[in-house]
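Visitor: Curious how this folds, go ahead:
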Amino acid sequence: MSILVDNHKTVIVQGITGREGKARTKLMMNYGTRVLGGVTPGRGGQEVYDLPVFDTVEEAIEQLGNIDISVIFVPAPLVKNAALEAFNAGIKLAVLVPDRVPIYDVLEINYYAKKTGASFVGPNTLGLLSPGKAVLGMMGGRAKFAQEWFRQGSVGVTSRSGGMTSSLAYYLSQNGIGLSTIIHVGGDAIVGLPHPEVVRLFQEDPETKVIVMFGEIGTSQEEIVAEIIKKGEITKPVIAYIGGRAAQKGTRFSHAGAIIEGNHGTYEAKVEQLKEAGAHVVEEFQDIPSVALEVLKENY
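Guide: This is a model prediction of the structure:
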């Protein structure tokens, strides 16, 4: 199994006629994702890579049948309307790729997602990939590379850094470690599925045996993961790396979701709490594969 996406889930692309929408649709299709069509208002009746384009999500569902996931490639100011349209049409998962989505828009998207029983990844995300099954968004860059780089297996990866998501998955795979799902939760301060929610999904997934988390300074995502490990909600081994060790208080590190104020969101606090919870905290990024191999050997 995998989390959130597999080779059976059906997908549409909102913004499919734009430059990024077209390019990433090709990536997803070539990898094997079941992309059935796309939506761009005013472009209904056109085709992109032989896929039908519709004016609305509702029209797409009427013509294509059930749609499980929408991947959204529209300008940041339009993301909220696109996501709400998807949720109101009954789609249960949206991947919000664009960055610079206004924070109040994200809060409203989150409200409507909960109201309709839906969820979303991002914004400001590369998306996610279940090796050998499907990719949503732009993970891996090209289908050929993603097929060669990422090995299928039992380690789940959740990351707050886009670039490091792919790098981490690559180095794990190169060391013979297979992956169940790779997910970039998004780089903003507020995201739909932060680390704690993704870790819970990995806990429920029978295929995932070990969870690798690439964390960063800022926000409380990693501290909450430590809390749910302590509570016994997470029983699978968690390997954690926290970026931003050298950052000082008040520093903005990398992107909007990584900023520390006072003692909140510091490297030291995250590492201390994760260690207390029993997570395997790795100080050097390059040591993650070797620690993962040790943990797999000890536990399985």
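Visitor: What are the buried residues along the helix or strand hosting Leu84?
Guide: Element membership for Leu84, per DSSP states H and E: helix 79-88. For helix 79-88, burial by neighbour count (16 or more other C-beta atoms under 10 Å) applies to 79-80, 82-87. C-beta: built from backbone N, CA, C; applies to glycine.
Visitor: Same check on stretch 7-16?
Guide: 9-16.
Visitor: Specify the residue ranges that define each domain of this structure.
Guide: Domain segmentation of the chain under automatic domain parsing yields 10-121, 150-299.
Visitor: okay, now the closest residue to Val121 other than its chain neighbours: neighbour count?
Guide: Excluding the flanking residues, the one nearest Val121 by C-beta to C-beta, 6 or more residues apart in numbering is Val95, at 4.8 Å. Per other C-beta atoms under 10 Å, the neighbour tally for Val95 reads 31.
Visitor: What of Glu20?
Guide: 15.
Visitor: For it, give its distance to Val74.
Guide: Distance from Glu20 to Val74, counting by C-beta to C-beta, to the nearest Å: 9 Å.
Visitor: quick revisit: with Leu128 as the reference, name the closest of the domains of the chain.
Guide: Leu128 lies closest to domain 150-299 among the domains of the chain, at 4.0 Å (C-beta to C-beta).
Visitor: Please confirm that Leu274 is located within a helix.
Guide: Yes. Applying DSSP: H, G, I helix; E, B strand; the rest coil, one finds Leu274 inside a helix.
Visitor: for the residue of the chain most remote from its centre, helix, strand, or coil?
Guide: Note on the chain: the largest C-alpha distance from the chain mean falls to Gly45, namely 31.2 Å (C-alpha atoms, centre = their mean). With three-state DSSP as the basis, Gly45 sits in coil.
Visitor: got a list of what it touches?
Guide: Contacts here follow C-beta atoms under 8 Å, 6 or more residues apart in numbering; on that basis Gly45 touches Val53.
Visitor: my read: Ser130 touches Gly178, true?
Guide: No. Assessed by C-beta atoms under 8 Å, Ser130 is found out of contact with Gly178, at 11.4 Å.
Visitor: more neighbours, these two?
Guide: Ser130 (29 against 17).
Visitor: For that one, which non-adjacent residue is spatially closest?
Guide: Ser2 (3.6 Å).
Visitor: that older thread, nearest to Lys144, out of the domains of the chain?
Guide: Here domain 10-121 is closest among the domains of the chain (C-beta to C-beta), at 7.6 Å.
Visitor: end to end, how far does that closest one reach?
Guide: 16 Å (C-alpha to C-alpha, to the nearest Å).
Visitor: What average pLDDT does that domain get?
Guide: The average of the pLDDT scores along domain 10-121 is 98.
Visitor: any chance you could map the helices in the protein?
Guide: Under the criterion DSSP state H, the chain carries helices at the ranges 19-31, 57-64, 79-88, 103-116, 143-149, 162-174, 195-204, 221-230, 267-277, 288-299.
Visitor: What is the most widely separated pair among the buried residues of stretch 7-16?
Guide: Lys9 and Gly15 (19.0 Å).
Visitor: picking that back up, please flag which of the buried residues of stretch 7-16 sit within strands.
Guide: 10-14 (DSSP state E).
Visitor: okay, those residues in CSV with distance to Ala60 next?
Guide: Putting those into CSV (distance: C-beta to C-beta, whole Å) gives the following:
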residue, distance to Ala60
Thr10, 10
Val11, 11
Ile12, 5
Val13, 10
Gln14, 9
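Visitor: Closest one to Pro196 out of those residues, please.
Guide: Checking these one by one against Pro196 (C-beta to C-beta), the nearest turns out to be Val11, at 25.5 Å.
Visitor: Could you list the low-pLDDT ranges of the stretch 151-300 of the chain?
Guide: 246-264 (pLDDT under 70).
Visitor: Please repeat the previous calculation with a cut-off of 80.
Guide: Within the stretch 151-300 of the chain, the segments meeting pLDDT under 80 span 244-265.
Visitor: My read is that Tyr267 contacts Ile242, right?
Guide: Yes. Applying C-beta under 8 Å, one finds Tyr267 in contact with Ile242, separated by 5.6 Å.
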